[in-house]
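**Q** here is my input; please provide its structure:
(chains A and B)
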Amino acid sequence: MIKEVENPVLETHNLTVVYDRKPAIWNIDFTLPAGSIVGIMGPNGSGKSTLLKSIMGVVEPNSGYARLFNKPLDAVRKRVSYVPQRQSVDWDFPASVLDVVTMGRYPHLGLFRKLRSEDKEIVADSLEKVGMLAFANRQISQLSGGQQQRVFLARALAQQADLYLMDEPLVGVDAASEHAIIDLLKQMQASGKTIVVVHHDLYTASEYFDWLVLMNTRLVASAPLEEVFQEEMLRDAYGGQLTSMSKIAALLREKSFPMRHK
Amino acid sequence: MNELWIIGTAALVATSSSLLGCFLVLRRMVMFGDAISHAVLPGIVIAYFLTHNKTGFPVLAGAALTGLLATLFIQFFNRKVRLQIDASIGISYTFLFALGVILISLLGPNVDLDQECVLYGEIAYVPLELIEIIPGLSLPRQFWILLLNMLMVTAFVRISYRYLKLGSFDPAFAAGVGIPVALWQFALLGGVSLTTVVSFESVGAILVIAFLAGPPATAYLLSRALKQMLYLSVAFGITATILGYYLATLLNASIAGSIATVIGVQFLFAFLYVRLKRNSLLNTPEVHEIK
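**A** Numbering: from 1, shown residues only, chains lettered A, B, ... in the order given. Reported below is the predicted structural model:
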């Protein structure tokens, strides 16, 4: 089930990335509606992170392309924010929380322009929104996983983008942080932003997202949540993975309860 | 006066290497400096074969070019072949070094050139070779070259500070906002490569590597911010130079060796300091409360 939308905020065309002859993503072709919270889901190694990286030009696609706001990426870089996996960086790097969030302003400042008071306000405001203002001067090596993730989100907020691509923002995050992050995403959505989240937890998916992209190297589905969150779709994406299958069974049992309305 | 030139020259190497070394330490590629000091051998041999001159500009240029070539190899293997950075460094430099060794044997036994002249420079000879670039001001040749290199390195770090920082901390994010990460890494490694090449004639490759790794590692233990790490690293590099020089005169030992020894001792002290501080912190009731 692949649903196309009018005026997509993000579209990919035949996007393919091959690592060492084995495809990481194959012919991914979808459109995403503006103003939604989109979950990208699939089993481990299904190419979710690679998809984000190839959209952001971090990884060069072998074929295909992505368009954002109906333009090539380079024309709209400042309107897009990419949040890499928290584990991809060294948190022992000599920097404070403030330093990291300030990096979100670098694209606007370039190499030479000085940090204006306006930039400092944006940084402080971003920290406030993720509830980390009190930790501004804290060493990043002294943060918990959830706090690290919030710092990454604050850096993304400081970019003041319209489209956010987040790679596993809820992995290794404590329950309080997870709630804080989800609340934040909903606030961002309310102010017109589009948020694309790589996510691994099937249990929470139906609560968090309004649009779901299911993939397993190839695209399995891209449509509103209710239409994708069906047994056959999930089976298609998760294939023979036993643990996933039992999860799916449990989920489908839960489906007898009404889904939360949005 | 000689004393001043020796310390001054070594301090210039210390400054450039300690600055660039900070970014290498943070990117886990310190051994790149070691690799370059070996990889430049074929360039030196070819330049020597063409000019029959062991010092001077052609050899320097030959070394610098091979250094950049090695940098290209390493980046290619790392980024395009997707080989780990340490493996990329290892395969590139051993290959180029081996090429140099074969060239030496091909050119015959009458070639008066060996790895010693690269690995162990002699800083005590620095004041012997004076040249006059500004009329009336005769300075050691090495001093001029290293001064120029130090100014270039400092300017590079100053100008590209933000991108170097972002590229060292979070390369994926940096690439995402449109910074050409590979190009900046090449500029950084090119700078390390040039610094290694222009430095080893005077201080020897081993001391350059000691400067690239030691002071940045010591500073890393003690720093809370990248800027602080850069300043501390340079400060440690220069103090090690001065202390090392006097240690050498005191013991009548190798100057480069003494400086490298002081660098090691500095690290040891920093490590002990951090350990003691942590232990005393763990014994305060405040921490237990947080836990």
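
**Q** residue A:150 against residue A:133, yeah?
**A** No: applying CB atoms under 8 Å, one finds residue A:150 not in contact with residue A:133, separated by 10.7 Å. In short, each C-beta sits where N, CA and C put it, glycine included.

**Q** buried sites along stretch A:121-139?
**A** Taking 16 or more other CB atoms under 10 Å in any protein chain shown as the neighbour-count basis, stretch A:121-139 is seen to contain the buried residues A:122-124, A:126-127, A:129-133, A:135-136, A:138-139.

**Q** ok, and which of those residues reach chain B?
**A** With the criterion set as CB under 8 Å from any CB of the partner chain, the members of these near chain B are residue A:139.

**Q** how about the residue of the stretch 51-200 of chain B found nearest chain A, nearest residue that isn't a chain neighbour?
**A** Taking CB to the nearest CB as the measure, the point where the stretch 51-200 of chain B comes nearest chain A is residue B:176, at 3.5 Å. Closest residue in space to residue B:176, ignoring its immediate chain neighbours: residue A:82 at 3.5 Å, by CB to CB, 6 or more residues apart in numbering or on different chains.

**Q** returning to that earlier point: what number of residues lie near the residue of the stretch 51-200 of chain B closest to chain A?
**A** For residue B:176, the count of nearby residues is 26 (other CB atoms under 10 Å in any protein chain shown).

**Q** got the residues of the stretch 1-150 of chain B near chain A?
**A** With CB under 8 Å from any CB as the criterion, the stretch 1-150 of chain B meets chain A at residues B:26, B:82.

**Q** what ranges does the stretch 1-150 of chain B have for its strands?
**A** B:130-134, B:137-140 (DSSP state E, counting those that start in this stretch).

**Q** determine the longest helix present in chain B.
**A** helix B:255-282 (DSSP state H).

**Q** give me the neighbour count for residue A:7.
**A** Other residues near residue A:7 number 10, with proximity taken as other CB under 10 Å.

**Q** quick one: the strands of the stretch 1-150 of chain B as TSV, columns for mean pLDDT too.
**A** Listed next are the strands of the stretch 1-150 of chain B as TSV, based on pLDDT from 0 to 100:
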stretch	mean pLDDT
strand B:130-134	71
strand B:137-140	74
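
**Q** can you put the ones you listed in CSV and add mean neighbour count?
**A** Listed next are these as CSV, based on neighbours: other CB atoms under 10 Å in any protein chain shown:
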stretch, mean neighbour count
strand B:130-134, 11
strand B:137-140, 15
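
**Q** mind giving me JSON lines with the ones you listed and columns for distance to residue B:219?
**A** Conversion of the strands of the stretch 1-150 of chain B to JSON lines gives the following (distance: least, CB to CB, whole Å):
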{"stretch": "strand B:130-134", "distance to residue B:219": "33"}
{"stretch": "strand B:137-140", "distance to residue B:219": "29"}
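
**Q** go through the ones you listed and name the closest to residue A:161.
**A** Smallest distance to residue A:161 across those (CB to CB): 51.5 Å, for strand B:130-134.

**Q** so what does that closest one touch, helix or strand wise?
**A** With contacts defined as 3 or more CB pairs under 8 Å, 6 or more residues apart in numbering or on different chains; DSSP states H and E, strand B:130-134 has these neighbours: strand B:137-140, helix B:141-159.
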